[in-house]
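Student: here is my input; please provide its structure:
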Amino acid sequence: MLLKVAIKCYCVKNKGGIIYEKIVPRGACLLLALCLSLSAVGCQKSNENNKIKEGQSISSEEEGMSINANGKNETFKPSDYTLEAKKEYVYEYLGLKFKLSDKFRNYIADKKIAMLDDQSPIDKELKYAILTFEKMTEEQKNAVIEKMGDGYKNWQNEPERIGTIGIFEKNTSEEKKSKIIKCDTHTKIGVSSDGKYDCYLSTNSGAESNLLDELKRTEIQIIDKKERPKNGFVLSEKTDLENTEAFNKESVKDLRKLSTKDINGKDFTSKDFEKYDLTMVNVFATWCTACVKEIPDLVEVQNEMKSKGVNIVGVVTDPVDDNGENKEAIEKSKLIHEKTKASYPFLMPDKTNFNGRLNGIQAMPETFFVDSNGETKLSWIRR
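Tutor: Down below sits the predicted model:
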C-alpha cells in the first residue's frame with residue numbers, strides 16, 4: 001500500500017492527462033524513498049507448493065538468483081572488489097584529491113590493505129563520506145563468501161581500521177566522528193569549497209605504527225567541490241565518472257530511439273512508451289534480494305495504475321555482460337519473472353545501455369520514469 005501511495009505522489013492528475021513536475025518537494029522525495037525501501041527487506045520462504053501468493057516474496061534459492069548451474073550458492077572474493085591502487089585519487093563530489101605514499105599504495109596493490117568507501121544514507125542529506133583503509137590478514141584477503149546473506153557485511157567489519165580520509169558535515173562532534181569511522185584521532189585538512197563540510201584525515205591509534213606513519217604521509221588537497229549528483233552517491237572518483245556519468249548529460253534524457261528485447265526475445269522500442277502517459281522503469285539484478293522482493297509490490301501497483309495511464313517495465317542488468325549475453329542470468333530472470341508472477345516485461349540492456357541512462361548506477365534497485373515522448377524524469381535509488 002505504501003508503495004502505491006508513493007507512486008501516486010509522483011503522478012498529478014490534470015484535465016489534459018498526467019503532468020510531471022521536474023522538481024518534486026523534498027518531503028515527497030523522501031516519502032517515496034522511504035516507501036520503496038520498506039518493500040526492500042529480507043526474503044521470506046514460499047509455501048510448500050513452491051507457488052508465490054499475491055504480495056508474497058520468495059527465498060533467494062527459490063528465486064534462482066544465488067544458485068549456480070551446479071545447484072550451489074554463488075560466491076565471490078570480497079578482496080577482489082576493494083578499490084584499486086592509484087598514483088592519485090580525485091573525488092570531485094568530496095572536493096578532495098590525494099596521493100598516498102608509494103609504500104602505502106603498494107600495500108593496497110598487494111591486498112595487504114583494503115581501501116573501501118562509505119557514506120551516510122544516499123536518500124538523505126549528506127552527513128559524511130569517507131575512504132577507509134583497513135589492514136587485512138591472509139584469511140581476510142583470501143576469504144570467499146556467498147553473494148546472498150550478511151557475509152559481506154560481516155567481512156567488512158573484520159579488518160582492522162587504520163584510518164580514513166573524507167568529509168563531515170560542519171560542527172560534527174569529535175565523539176560522533178569517532179563513533180562513525182572507528183578512529184580516535186582527527187586531523188583537520190580544511191573546509192570544503194562550498195563551506196558546508198570539514199575535511200579530515202583520521203587515524204586509529206591502535207593500528208600498527210608503521211602503517212599509521214605511511215598513511216599520515218598522504219598528500220591531501222582541497223579542490224572545487226561539485227554539487228551532489230542526483231543519485232546521491234558522492235564517492236565516484238573522477239576517472240570512474242568519465243564516459244559513464246549519466247546524470248549530467250542531456251542526451252540520456254532522450255530514449256526516443258530505444259530498441260531492445262525482453263528476456264524472452266520480444267522486441268521493445270520507444271513506441272511502447274507512447275502507449276502510456278508515464279512508464280516506471282525498475283532497474284535491478286537477479287542477485288539483488290531487495291530488488292526481487294519488491295517485484296510483487298510493483299505488480300500490484302501496475303494492476304492498479306495501468307488503467308490510469310501508468311505502466312511499469314523492468315530492466316534486469318546482469319543478462320548482458322562484457323562477454324555478451326549471459327544465458328545463465330537470462331534463465332534466472334525467467335525464473336524470477338515466473339515465480340513473482342510479474343505482469344510486466346523484464347528488458348535486456350541494449351548496446352547503448354539505454355542511451356547511457358544505465359551507466360554509473362551505484363546501487364540497486366533504482367527506478368526512473370519515462371514519459372510518452374521518451375524523455376526520462378526523476379529517479380530514485382533504494383538501499
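Student: where in the stretch 151-300 of the chain is pLDDT low?
Tutor: Along the stretch 151-300 of the chain, segments meeting pLDDT under 70 span 239-253.
Student: where exactly do the strands run in it?
Tutor: Using DSSP state E, counting those that start in this stretch, the strands of the stretch 151-300 of the chain run over 160-169, 185-191, 197-203, 219-222, 259-261, 267-269, 278-284.
Student: what is the burial count for the closest residue to residue 211 other than its chain neighbours?
Tutor: Nearest residue to residue 211, sequence neighbours excluded (Cβ to Cβ, 6 or more residues apart in numbering): residue 162, at 5.1 Å. Just so you know, the C-beta spots here come from the backbone N, C-alpha and C atoms, and that holds for glycine as well. Number of residues near residue 162 (other Cβ atoms under 10 Å) recorded here: 25.
Student: please determine how far residue 162 is located from residue 154.
Tutor: As judged by Cβ to Cβ, to the nearest Å, residue 162 and residue 154 stand 19 Å apart.
Student: then residue 116?
Tutor: 14 Å.
Student: neighbour count for these two, which is higher?
Tutor: Remark: of residue 116 and residue 154, residue 116 carries more neighbours, 17 against 11, as counted by other Cβ under 10 Å.
Student: so what's the more buried one bridging to?
Tutor: Listed by DSSP bridges, the beta-bridge partners for residue 116 are residue 132.
Student: just the helices in the stretch 251-383 of the chain please.
Tutor: 289-293, 295-305, 327-339 (DSSP state H, counting those that start in this stretch).
Student: so which elements touch the last one?
Tutor: When contacts are defined as 3 or more Cβ pairs under 8 Å, 6 or more residues apart in numbering; DSSP states H and E, helix 327-339 packs onto helix 60-63, strand 346-347.
Student: my reading is that residue 108 lies in a helix. Confirm?
Tutor: Yes. Assessed with DSSP: H, G, I helix; E, B strand; the rest coil, residue 108 lies in a helix.
Student: quick one: the nearest residue to it once chain neighbours are set aside and residue 333, what's the gap?
Tutor: The shortest distance from residue 108 to any non-neighbouring residue, by Cβ to Cβ, 6+ apart, is to residue 85 (4.1 Å). Taking Cβ to Cβ as the measure, residue 85 falls 35 Å from residue 333.
Student: who has more neighbours, the two?
Tutor: residue 333 (28 against 18).
Student: just checking, the more buried one touches residue 349?
Tutor: No. Using Cβ atoms under 8 Å, residue 333 makes no contact with residue 349, being 11.9 Å away.
Student: touching both of these two, which residues are there?
Tutor: residue 319 (Cβ atoms under 8 Å, 6 or more residues apart in numbering).
Student: so for stretch 134-142, what's the average pLDDT?
Tutor: Mean per-residue pLDDT for stretch 134-142: 93.
Student: for that stretch, list every residue counted as buried.
Tutor: Residues of stretch 134-142 classed as buried by neighbour count (16 or more other Cβ atoms under 10 Å): 134, 135, 136, 140, 141.
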